[in-house]
Structure formats: structure tokens, C-alpha cells
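Novice: no sequence on this one, just coordinates:
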């Protein structure tokens, strides 16, 4: 139920910002998110900022991002990074045989040096740390903060099961 509500929040924000709710429209919005995120992350990482300090700066640059609670934006961003990270772990991975969104995420991760020589993802490790520190804290539709139940903060529990370091 919680995931459905978050998906609806993202869809509503995209629609309100003029994006078509189709594979092409959503892909365009998410591709733009990673293109905007690249220089923000490069500068912030040079200043040794943490993920939770960087993502609000990305979020505020996106019309649809500003309409989402912080927790929803964090989950969306890290889920997309994680999906790409998992795909890249597959044998025979070829970057340029994938969609523009997948290539943009891979290029973003390469430019910000997301993975070290051991394929450890900086973003996913920081998301894991954030979730450990927040103990599954979550924001609901009204922006209230409260402890999420075991099925409510999916990214918190999913990231805890899979360590990226």
C-alpha cells in the first residue's frame, strides 16, 4: 500500500509538471533528473557532502521534484541507481545497448565516481547509512514524520538486506 501511494505521488507530481505518464514521458523526466544531478553531485562530493545534503539540491531543480516529500525523492533516486548498479553486476554488461535513461544513469554514476574499484556504490552505501540512522523514518502525504512499519519504508528494509560494501 505504501509503495502504491509513493508511486501515485511521483505520477501526480510528473503530471502536474506537464510530463506525459507514459514510458517516454517518465523516461524523459528521470533522464533530466540525472543530467541535472551530475554537476550538483560532482561539486558536492568535492566538498565532501553527504547524500542527504545533496539530494535536496537536485530535488529543488526539478518542477516535479519540488512536489515530492524528501523520503519519496530519496527512495526514487536510490531505486533507479540501485537498478542500474544491479544490472551492471551482470556478466557481459554493455553500456550502450540500453535505453537513454539507463545510459544517463550509468554516465552519471561514472562521472561522479559512484563506485570504487570493488564496485562499492557510494550512493547506495550512503542510502544504507541514512536508513540506519533514520531507523526507517518516513514522511507521509502531509509531510508528517513518523516511524514507518515494516512494510511501509521499502527502501529502508530492502537496502538493509543488501549491503553495498
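Specialist: Noted; the coordinates are in hand. Since we're looking at a predicted model, the values are computed, not measured.

Novice: now the helices for the chain?
Specialist: Along the chain, the stretches classed as helices by DSSP state H are 2-16, 23-46, 51-59, 70-88, 100-111, 122-134, 154-161.

Novice: Same list, those helices, but as CSV with mean pLDDT please.
Specialist: Converted to CSV, these look like this (pLDDT from 0 to 100):
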stretch, mean pLDDT
helix 2-16, 86
helix 23-46, 94
helix 51-59, 92
helix 70-88, 88
helix 100-111, 90
helix 122-134, 76
helix 154-161, 39
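
Novice: want to throw those helices into a markdown table with mean neighbour count?
Specialist: Using the backbone N, CA and C atoms, a C-beta is placed for each residue, glycine as well. Below are the helices of the chain laid out as a markdown table (neighbours: other Cβ atoms under 10 Å):
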| stretch | mean neighbour count |
| --- | --- |
| helix 2-16 | 15 |
| helix 23-46 | 17 |
| helix 51-59 | 18 |
| helix 70-88 | 20 |
| helix 100-111 | 18 |
| helix 122-134 | 19 |
| helix 154-161 | 17 |
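
Novice: can you tell me which residues contact residue 121?
Specialist: 81, 82, 85, 109, 114, 115, 164 (Cβ atoms under 8 Å, 6 or more residues apart in numbering).
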